[in-house]
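Asks: with the input below, show me the fold.
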Amino acid sequence: MFRKLIIMIAFVAGVISASAALPLDKYSINRKDLPEAAREMLDEHFPKAKVCMVKVDRHLLKKTDYDVRLTNGAKIEFSNKGKWTNVDCKKKSVPESLIPKAIRKSIARKYPEENIVRISRSTLYYTVGLANGKDLKYDRLGIFQGELTKEEAEAFGAEALAEADNTDETQH
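Replies: This next block holds a predicted model:
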């Protein structure tokens, strides 16, 4: 019993010392700190915007993710493989090329005067934020699932990144 306790204490001490030596977050303005897929996405969909900050989130027990802020005010979150999980353009429109065609058509019919200013995706759903503050949920086929409350939309955003990490693991 005493021996097991000593081994467990040594193991916990080793994990703590290893995590203390690992810098968890890194801030940069260099695009090269991003995975190639993230750099390509920025080049394709935000060609004129410059990166003003890259936050590399290193987590002890889960994969690294990336938060990028652009000089135009947009914030983009990427999974560890460089797939975007969340795009928030604040008051400006999300580039149309990021929004699935079925979702664009649905929003144009239901909310013809509104701009899409946010979009998040997970393995099962998209959430779309409109300039009027409404958050809409669509399945991966672009079929409207309903409006979300603010709490649901925030919870979805947190889940999207975790699901993207899991998807990246299963694709290997």
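
Asks: quick one: pLDDT of residue 143?
Replies: At residue 143, the model reports a pLDDT of 94.

Asks: before we move on, what about residue 50?
Replies: So residue 50 comes in at 91 (pLDDT).

Asks: that one against residue 70, yeah?
Replies: Yes - here residue 50 lies in contact with residue 70, judged by C-beta atoms under 8 Å, at a distance of 6.7 Å. No exception for glycine: its C-beta is placed from N, CA and C like everyone else's.

Asks: counting neighbours, go ahead and name the busier of these two.
Replies: residue 70 (17 against 11; other C-beta atoms under 10 Å).

Asks: how near is the spatially closest residue to residue 63 that is not a sequence neighbour to residue 118?
Replies: Closest residue in space to residue 63, ignoring its immediate chain neighbours: residue 80 at 3.8 Å, by C-beta to C-beta, 6 or more residues apart in numbering. Distance of residue 80 to residue 118, computed by C-beta to C-beta, to the nearest Å: 22 Å.

Asks: helices of this structure, residue ranges please.
Replies: For the chain, applying DSSP state H gives helices covering 2-21, 36-45, 101-110, 150-170.

Asks: lowest average confidence across these, which one?
Replies: helix 2-21 - the lowest mean pLDDT of the helices of the chain, at a mean of 54.

Asks: quick one: residue 106 and residue 137, what's the gap?
Replies: For residue 106, the distance to residue 137 - C-beta to C-beta - is 11 Å.

Asks: now swap in residue 37 and tell me
Replies: Distance from residue 37 to residue 137, by C-beta to C-beta: 25 Å.

Asks: cool, residue 87 as well?
Replies: Applying C-beta to C-beta to residue 87 and residue 137 gives a distance of 16 Å.
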